[in-house]
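Q: starting from these lines, generate the structure:
(2 chains)
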Amino acid sequence: MFFTVSLYISLVIFALGLIYKVSSWFRLTLDGETKASKPGTRVSAALKGVLLTLFSGKIFRLVKAFFYDILFQSRILRESLLRWVMHMCLFWGFILLLLMHALEKYISYSLFKDYSATLNPFLFLRNVFGLMVLVGIGISIYRRFFLKVPLFTNRMDRYALIILAVVMLSGFLLEGGKIGSHTAYQSMVEEYAVTASKEELKALESYWVEEFGIVSSAVKGPFEKEILAQGKEVHEVACISCHSKPQWAFISYSMATVMRPLGGLLDSVRFPVILWYVHFLACFVGLAYLPFSRMFHLIASPLSLLANAVMDAEESDPANLMTKQLIELDACTHCGTCTSRCAVRIWEEEILNTKILPSEKLAPLMAFARGKNLDKEKIRSLQEGLYLCSNCYRCTGVCPVGINLQELWFKGREAVLGREIPEVLILSPLSFYRGLRREELEEKGYEKPLASIRAALEEACKGINLQDSLLDIQKADTQFRKDLGLSDWGESYSACFTCTTCSVACPVVQRYPNPPEALGLTPHQIIHAAITGFSDPIFKSNMLWSCLGCYQCQEACPQGVRVTDVLYKIKNMAMERLKNTNSADHPS
Amino acid sequence: MKFALQRCCATSIYLKQYESSTDAVLKALGVELVDIKQFSCCGYPLKNFRYRAYLLSSAHNLALAEKEHLNIMTMCNCCYGSLKHADQILKDHLPERKEINASLNKEGLEYTGEVTVRHVLDILYTEIAIEGIREKIKKRLDGLPIATHYGCHLLRPRQVAQFDRPADPSKFDDLVEVTGARSISWATKLECCGAPLWGVNDELSLDLTESKILDAKRSGADYLCVACPFCQLQFDRVQRILHSRRGTDHTIPSILYTQLIGLALGIDAKTLGIDKNEIDSTGILRYFS
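A: Numbers count the residues shown, from 1 in each chain, chains lettered A, B, ... in the order given. Model prediction:
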């Protein structure tokens, strides 16, 4: 009764969770509200897409992906043998246990006429599959906690591991407990050996103590040969059709051996019954929690692999591409492969923001897509993480579940930028890649973040204006001068004697008929302003942010001022100021 | 001859033809390239945001190459400038090296200054040498007028780049002319392509690119030739955007040096990805004598 009720409760939660998650694939979007983003449009586009694919040549690509990527998991093998062994063990051990053992009522009994859980090969196989899962869990723990692979373990990962470990351990302990249990033995005798005499029963019990490892208080070895032979006869009549030797359940049997000295006690406190409750309740908790946990990848990852096998950006329906991205967000297993191969992973050492790492961007991006109440600071750090990417596509190339991560970063970045929180990094060459794809973006959406960072810059540096007729030296930023002067890249500025050669050499200055008007300050004026310590006009000058870093000025300087490097250093300082101002405006 | 290849982040998806042509050309000339899986970005894009993050990125790759006892070859001017600059800083400034190494130690790495950073043009000019290349030329591009674009960080700052005379270089021209093509004189030859501002200040970036294109055309060039992914993307994809935004048509195709020399060495156009350039440069095939 309790079993059935809890099973149905967990099934209901599982089903509701499934509906919630799957519907979110069609409800949410990273592209903003468009005609294609309406749930109705997307469901029908998806159905149409699936049908068209199934009845086209693309079906072969699906079949190939199904065998290669899903069943054989070739993408993991390509990355690392250890991980492949781990995941094959977990995946196949889990699936086979699910099919043969958990669903035995529906599958094993109907497939095998004389199926019995305590008969070989099933008895043996259950332990083999269980061992596979244990090995998988073991390697996973080893990799996460002992190997020096850059992996982040979050709450989700821990829960998944804990539930799986509880299910497996309680299963083995339960089987081990039952092997030794006299109560279990007794109830079977009452059912299957009713016709046996008292003497025969004693012989049978002796035989089971000797051969099957039950713990009995009634009979004690060593037993005489005749008694065992008689026990064997009874066994062959009453028991053998359902019982293979428990030694075949090699893991559970060794657990039973360990527990044997406590056998009587454990049996009297109904240890196997307690374990049975733990075992099935853990399974049901796992089932109910599955749609909300990382384990949901069991459903989403194969879909992502299949979708990516047949879809591409040029041909596919935009509505389906949108839906695919949402599936991909759920498909992430948080395995960390992307991060281990990320070309800018090392930046995280200097810029303390874990969202630089691809594997750590997905969860916040999903939260963002869900419209969760993220505060500005969280969005800002996600935005920074999304921007700090050199667009090398390595993450996409190695993802074991085939997620087009680079595309997620692109779409996600634009979606987050749409919140209009000024992003300093947009002034860095990382914007080159955004520019390369500007034709895909709406003109207004493309220009807006660029304008908003310039406005923020203006706001952060309004202390001193060049238009003021007299610049008050008392207002000079002495800290700025000090920081610049003490830096290796900056210190050479003080050799400047304002000959203007750098400004003449600058290809940007040459573009304008009236450079001061267009650029605020020209290079030699920036250097001069640095000497006097007026940081505000420098930070907001167009010149600083129009510097190409081409080193023409530096080459030309007769005084050996490393003009370009000084400008680089000043840009670092300006970005630091902007970043701090932005964070101060939006405390978390 | 063996080098660890620093592949530029920009090439993996936007400029695959630079990778395939570099691989093919160096193989034909007997240079072995090794891919180090853990190589990171050179850090160039962070130079104006967080100098230390840039330095650590470059140092990371230098240390990895040192561990493998290899020198690094780059196919990008920005990677070249960044790695070389970092190498100099780490060699000259002990305190900075110590701090960076403290970070690298976490990954079991250390840089002691044993690596030399080379640009692919440098390898070709210095190691294979013009004569060595000439021997292997199978097809000549006689008379083809080409505007050779060096790109900033191959030449400047001179203390770092050390590839050629910064104000009056000739090595890249010689490498172009060994194919039989003619490297023309043009006024803006040594100026920036405009790529560093693409995405930041697009109009200014386009102005700079357009002035170079106009100058090259006016000076009689049929093609631009470059050896840096950013320059190529600027002269190729961004030039296409330039014409579509400004409604102009003074188009001049740009070709990567590894594509140009690859054709001369008899490597097939498909491997070199001549058809992958966005502005059609397949016309160059007609110049073969």
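Q: hey, let's count contacts and neighbours off CA atoms from now on
A: Fine.
Q: what ranges does the stretch 101-250 of chain B have for its helices?
A: Secondary structure of the stretch 101-250 of chain B by DSSP state H, counting those that start in this stretch: the helices cover B:120-122, B:129-136, B:158-161, B:171-177, B:202-218, B:229-233, B:239-246.
Q: number of nearby residues for the residue in the stretch 401-550 of chain A that chain B sits nearest to?
A: The nearest approach of the stretch 401-550 of chain A to chain B comes at residue A:435, 4.1 Å away (CA to the nearest CA). Residue A:435: 21 surrounding residues under other CA atoms under 10 Å in any protein chain shown.
Q: ok, residue A:31 next?
A: Quick note: residue A:31 (other CA under 10 Å) scores 15 neighbours.
Q: list the contacts for it?
A: Applying CA atoms under 8 Å, 6 or more residues apart in numbering or on different chains, we find residue A:31 in contact with A:37, A:322, A:411, A:415.
Q: same check, this time on residue A:386
A: Counted by CA under 8 Å, 6+ apart, residue A:386 has contacts A:355-356, A:361, A:409, A:412-413.
Q: contact distance from chain A - what residues of the stretch 101-250 of chain B qualify?
A: Contact residues, the stretch 101-250 of chain B versus chain A (CA under 8 Å from any CA of the partner chain): B:103, B:152-153, B:156-158, B:191-192, B:194-202, B:207-208, B:237-238.
Q: in the stretch 101-250 of chain B, what residue is nearest chain A?
A: Using CA to the nearest CA, the closest approach of the stretch 101-250 of chain B to chain A is made by residue B:199 at 4.1 Å.
Q: with adjacent residues omitted, what lies nearest to that residue?
A: In this structure, residue B:199 finds its nearest non-sequential neighbour in residue A:435, 4.1 Å apart by CA to CA, 6 or more residues apart in numbering or on different chains.
Q: so what's the one you found up against?
A: Residue A:435 sits in contact with B:198-200, B:202, where contact means CA under 8 Å, 6+ apart.
Q: do residue B:192 as well
A: Here residue B:192 is in contact with A:507, A:548, A:550, B:151-152, B:208 (CA under 8 Å, 6+ apart).
Q: can you check residue B:121 too?
A: B:172, B:227.
Q: how about residues contacting stretch A:530-540?
A: So stretch A:530-540 is contacted by A:454, A:457-458, A:461-466, A:473, A:475-478, A:480-481, A:493-494, A:520-521, A:526, A:529, A:544, A:570-571, A:574 (CA under 8 Å, 6+ apart).
Q: from the residues you listed, keep the buried residues only.
A: Restricting the contacts of stretch A:530-540 to buried positions leaves A:454, A:457-458, A:461, A:464, A:476, A:478, A:480-481, A:493, A:520-521, A:526, A:529, A:544, A:570-571, A:574, with burial counted as 16 or more other CA atoms under 10 Å in any protein chain shown.
Q: what is the neighbour count of residue 214?
A: By default, I'm working from chain A. Residues within reach of residue A:214, counting by other CA under 10 Å, total 26.
Q: hmm, I had chain B in mind actually
A: 15.
Q: surely it is in contact with residue B:250?
A: Yes: applying CA atoms under 8 Å as the test, residue B:214 and residue B:250 come out as touching, 7.2 Å apart.
Q: and chain A, split by domain according to the record?
A: For chain A, the domain assignment from automatic domain parsing gives the residue ranges A:59-151, A:181-249, A:297-459, A:477-571.
Q: what about stretch B:141-155, distance to the chain center?
A: 12 Å (CA atoms, centre = their mean, to the nearest Å).
Q: okay, how far is it across it, tip to tip?
A: Stretch B:141-155 has an end-to-end distance of 27 Å (CA to CA, to the nearest Å).
Q: pull out the buried residues from stretch A:210-226.
A: For stretch A:210-226, by 16+ other CA under 10 Å, it's A:210, A:212-216.
Q: which positions in the stretch 301-450 of chain A make contact with chain B?
A: A:341-347, A:349-351, A:390-393, A:425-436, A:450.
Q: type out the ChimeraX command that picks the buried ones from those residues.
A: With 16+ other CA under 10 Å as the criterion, this ChimeraX line picks the buried residues out of those:
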select /A:341,342,343,344,345,346,347,390,391,392,393,425,426,427,428,429,430,431,432,433,434,435,436,450
